[in-house]
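Visitor: here is my input; please provide its structure:
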Amino acid sequence: MIDCCRILPYVKSLIRDAGAAVIDIYNRDFLISKKSDESFITEADLCSEAIIINALSHIIPDIPIVSEESMSRGMKVDVSDGRFWLVDPLDGTNEFIKHSNEFTINIGLIWDGEPCLGVLYVPIFDLLFSGIPGSATLEEQKGLSTVISCRSVPCNGITVLSSRDFHDSNKFDNFIKQFNVTKILNLGSSLKFALIAMGKADLYPRFGQTMEWDTAAAHAILKAAGGSICLFDGAQLFYGKPKFNNPPFVACGIPTSYICNLN
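Guide: Down below sits the predicted model:
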């Protein structure tokens, strides 16, 4: 098993570098175009990706890097041994374009098909979430670090998260009606997972399409904080799937046993 404690500081440093570049672009006019799937891409996506890929290739030279924008350009990466990086250089591009605060940068390390290290950075607020086995932390104001963890089931009911842009109302409503829900929050990007990991929310069911780079970093953080991501049949989400597509899943801070109707 790789020494996650040793490489984590390097990943934190490089993701801050990428974040600084993204904010520089955010604060001026920037180029926007469309990819082949009609989704938007900005120069910030590409700049962040270049910084991250270059740095990761020096941290562990023999580990493949799967990044969203590289894959959209048709890059082929062999991940058959189950050990690779997953990078989303700008998660929440639509939010970035709208000058919303809800965009992140995500780097996850997969080892034997499971996330073992994750770093999620919110550059607009300088918030850095990280997770390795046994340790989930939040760093604020460039160094003030606190341990984070998922919370127990609240007595007055749970807080459920929903995607701001990708929401299947019928499936979502049918799923959450089995719970005592006191609040529903709509958010963009991987911030939804971070809220669960820090004990501010409890459940995030996702029915629409996601890719492995959308979830890997946050999954590692959530696991380290005591949570999980499972499929609706109860199986755990794993990585290295064909075309890197994720099936529908539910991210949980509460015990999966509380989710009484997965089957």
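Visitor: so where's the chain shaky on pLDDT?
Guide: Regions of the chain meeting the criterion pLDDT under 70 cover residues 142-143, 164-168, 256-263.
Visitor: domain-wise, how is it divided?
Guide: Taking automatic domain parsing as the criterion, the chain consists of the domains 4-147, 158-258.
Visitor: show me the strands in the stretch 51-200 of the chain, by range?
Guide: With DSSP state E, counting those that start in this stretch, the ranges of strands along the stretch 51-200 of the chain come out as 65-67, 84-91, 104-111, 114-122, 127-132, 135-140, 144-147, 158-163, 181-187.
Visitor: for those, give me TSV that also has mean neighbour count and distance to Ala225.
Guide: Any C-beta I mention is one placed from the backbone N, CA and C, and that applies to glycine too. Converted to TSV, the strands of the stretch 51-200 of the chain look like this (neighbours: other C-beta atoms under 10 Å; distance: least, C-beta to C-beta, whole Å):
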stretch	mean neighbour count	distance to Ala225
strand 65-67	22	24
strand 84-91	27	19
strand 104-111	28	15
strand 114-122	25	10
strand 127-132	25	7
strand 135-140	19	4
strand 144-147	10	9
strand 158-163	20	15
strand 181-187	14	17
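Visitor: out of those strands, which comes closest to Phe249?
Guide: For Phe249, the closest of these is strand 158-163, at 12.2 Å, according to C-beta to C-beta.
Visitor: output the contacting helices and strands for that closest one.
Guide: strand 181-187, helix 191-197, strand 203-206 (3 or more C-beta pairs under 8 Å, 6 or more residues apart in numbering; DSSP states H and E).
Visitor: now with 10 Å?
Guide: Of the remaining helices and strands, those touching strand 158-163 by 3 or more C-beta pairs under 10 Å, 6 or more residues apart in numbering; DSSP states H and E are helix 169-176, strand 181-187, helix 191-197, strand 203-206, strand 249-252.
Visitor: what's the most buried one of the ones you listed?
Guide: Between the helices and strands packed on strand 158-163, helix 191-197 has the highest mean count of neighbours, a mean of 26, where neighbours are mean count of other C-beta atoms under 10 Å.
Visitor: correct me, but Ser72 touches Glu38?
Guide: No: Ser72 lies out of contact with Glu38 (C-beta atoms under 10 Å); the separation is 11.4 Å.
Visitor: neighbour count winner among these two?
Guide: Just comparing Ser72 and Glu38: by other C-beta atoms under 10 Å the higher neighbour count belongs to Ser72, 15 against 6.
Visitor: what count of nearby residues applies to the closest residue to that one other than its chain neighbours?
Guide: Leaving out its chain neighbours, the residue that sits closest to Ser72 by C-beta to C-beta, 6 or more residues apart in numbering is Lys35, at 5.1 Å. By the other C-beta under 10 Å criterion, the neighbourhood of Lys35 contains 14 residues.
Visitor: same question for the one 10 residues further on.
Guide: By other C-beta under 10 Å, 26 other residues sit near Asp45.
Visitor: save the strands of the stretch 51-200 of the chain as CSV, and put in distance to Ala220 too.
Guide: Below are these laid out as CSV (distance: least, C-beta to C-beta, whole Å):
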stretch, distance to Ala220
strand 65-67, 15
strand 84-91, 10
strand 104-111, 6
strand 114-122, 3
strand 127-132, 5
strand 135-140, 9
strand 144-147, 15
strand 158-163, 18
strand 181-187, 19
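Visitor: out of the ones you listed, which comes closest to His219?
Guide: Relative to His219, the nearest member of the strands of the stretch 51-200 of the chain by C-beta to C-beta is strand 114-122, separated by 4.5 Å.
Visitor: the strands of the stretch 51-200 of the chain: which one's closest to Asp202?
Guide: Proximity to Asp202 (C-beta to C-beta) singles out strand 158-163 among those, at 3.9 Å.
Visitor: can I get that closest one as PDB, trimmed to CA atoms?
Guide: What follows is strand 158-163, C-alpha atoms only, in PDB (Å, rounded to 0.1, in the frame of the first residue of the first chain):
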ATOM      1  CA  ILE A 158     -31.900  14.400   8.400                       C
ATOM      2  CA  THR A 159     -30.600  17.000   5.900                       C
ATOM      3  CA  VAL A 160     -30.600  15.700   2.300                       C
ATOM      4  CA  LEU A 161     -28.600  17.200  -0.500                       C
ATOM      5  CA  SER A 162     -29.500  17.500  -4.200                       C
ATOM      6  CA  SER A 163     -27.600  18.600  -7.300                       C
END
